[in-house]
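> Coordinates only, no sequence provided:
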DNA sequence: ACGTGTCAATACGCCGGCGTATGGAACAAG
DNA sequence: CTTGTTCCATACGCCGGCGTATTGACACGT
């Protein structure tokens, strides 16, 4: 196996480049010849490693699925306490921009039916994981499902908002961001499991005479 | 103006077809010749009505923006009571599948910078509207923004989940759906504005001896 | 020195979509 | 009947991406 002896490309290099292309230009942006140019080679290289474009897509999606499940979920799952686990889940909203771009790109239109399988598997595993988190709080299954659905919705919606309205989303160093996270910590945890006793999310505006 | 005398196509027909194409095949699916085939004409027709593909995209996005703001927001805004307004907003999650497909398609990758403007405008108008809804409850601006961000996230996330995991989402006639809506009614309204006094979202599972 | 296997460059044909140019067909007005 | 306008068809050239075939450059073992 004469690998890593020279600057020869591996199939994995192509898969990674494909993922980057998905993040940057969407699923349709995974084109052999442009990718080859970016990698400094020609497509003669590509067709040695892969049979066709679909094979590349499949390889890239395999990478993605592995990272999005075994990786990020494992990072959260190492927190054994169910309450802290949910909290960590919430702060993970600040996950890498690249990951979120890939997800929304995959989840969008076109969906060559190959992509669909991957998105569905990853989504289901994520949701099931969150359901387990809430079930770990001693919650009934139906309740846990509702809470999880809400939390996962907030997660996905946050990714979208960060894409569509980058200005509206507070930066990580903005105190408003920390406040929002604390807000979510309360909203997304059932009353009995909340970090602080009192709910400070609702401050009425000072009374004025106007209407 | 010899319009509607024959079966002649108008520019608006093309724009509508383009929107349908966005919903079905994404932004890249807006191709002149396939659209012409669907409409039963050739692209000779198209290039009489439009200068190029970008002009068509712009026309389609104008239609979309009008519908997504002046239309759907107006439908919710006719409810004057702020509390009921938020509730109606929540039930609007069940909006047309087509609308959600268009949105996610637009918000995905590629984003030829032309699309970006439209998505940003629509998103901002939606978010501002929701912020006003919460402010209408007498909430402080910062608080209202947090609540709105959460609610809009739930809304967007729900659209995504319905796309990615159609099986996991309860059907409209499923009692689980009604229960989830009631769940959200409580979650997404501040304590003082909730429809019912007691919070029934958290039912602990019956105690068992196992672990 | 000689083959063999690995990885890549080059050249080619194909297809589908874009945009243009030109030529109608229908219809109204004079 | 001619003329002009509106709307569409046809034919063409162009480009970019896909996939194949062929050749070539190294690295190795023998």
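On my side now, so go ahead. No experiment lies behind these values; they were computed from the predicted model shown.

> contacting residues for residue A:99?
Taking C-beta atoms under 8 Å, 6 or more residues apart in numbering or on different chains as the criterion, residue A:99 is in contact with A:67, A:68, A:72. All C-beta spots, glycine's among them, are computed from the backbone N, C-alpha and C.

> what ranges do the helices span in chain A?
A:11-25, A:32-39, A:43-49, A:53-66, A:72-77, A:82-91, A:97-107, A:114-135, A:141-164, A:175-187 (DSSP state H).

> picking that back up, among the contacts of residue A:99, which ones are buried?
Buried subset of these (neighbour count, 16 or more other C-beta atoms under 10 Å in any protein chain shown): A:68, A:72.

> In a markdown table, list the contacts of residue A:99 along with pLDDT and distance to DNA strand C.
Below are the contacts of residue A:99 laid out as a markdown table (pLDDT from 0 to 100; distance: C-beta to the nearest atom of the strand, whole Å):
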| residue | pLDDT | distance to DNA strand C |
| --- | --- | --- |
| A:67 | 88 | 24 |
| A:68 | 83 | 27 |
| A:72 | 75 | 30 |
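
> and which of the contacts of residue A:99 is nearest residue A:93?
Nearest to residue A:93 out of the contacts of residue A:99 is residue A:72 (C-beta to C-beta; 11.8 Å).

> if I read this right, that closest one contacts residue A:96, doesn't it?
No: the criterion here is C-beta atoms under 8 Å, and residue A:72 misses it with residue A:96 at 9.6 Å.

> In chain A, which residue is most central in space?
Centre of chain A computed as the mean C-alpha position; nearest residue by C-alpha atoms, centre = their mean is residue A:100, 4.9 Å away.

> out of everything not next to it in sequence, what's closest to that one?
Leaving aside its sequence neighbours, residue A:100 sits nearest to residue A:159 (C-beta to C-beta, 6 or more residues apart in numbering or on different chains; 4.2 Å).

> And for residue A:89?
residue A:76 (5.6 Å).

> sorry, back to before: ok, the residue nearest to the centre of chain A touching residue A:161?
No: using C-beta under 8 Å, residue A:100 is not in contact with residue A:161, being 10.5 Å away.

> picking up where we left off before, which neighbouring residues are in contact with the residue nearest to the centre of chain A, exactly?
Counting by C-beta under 8 Å, 6+ apart, residue A:100 touches A:159, A:162, A:163.

> can you count the residues close to the last one?
Counted with other C-beta atoms under 10 Å in any protein chain shown, the burial measure for residue A:163 works out to 22 neighbours.

> With the second one instead?
The number of residues packed near residue A:162 is 17, by other C-beta under 10 Å.

> Make sure it is actually in contact with residue A:172.
No: under the criterion of C-beta under 8 Å, residue A:162 makes no contact with residue A:172, lying 11.2 Å away.

> and residue A:46, how many neighbours does it have?
22.

> do the same with residue A:183
21.

> buried stuff in the lowest-mean-pLDDT helix or strand in chain A?
Least confident helix or strand of chain A, by mean pLDDT, DSSP states H and E, is helix A:72-77 with a mean of 80. Residues A:72, A:73, A:76 are the ones in helix A:72-77 that count as buried (16+ other C-beta under 10 Å).
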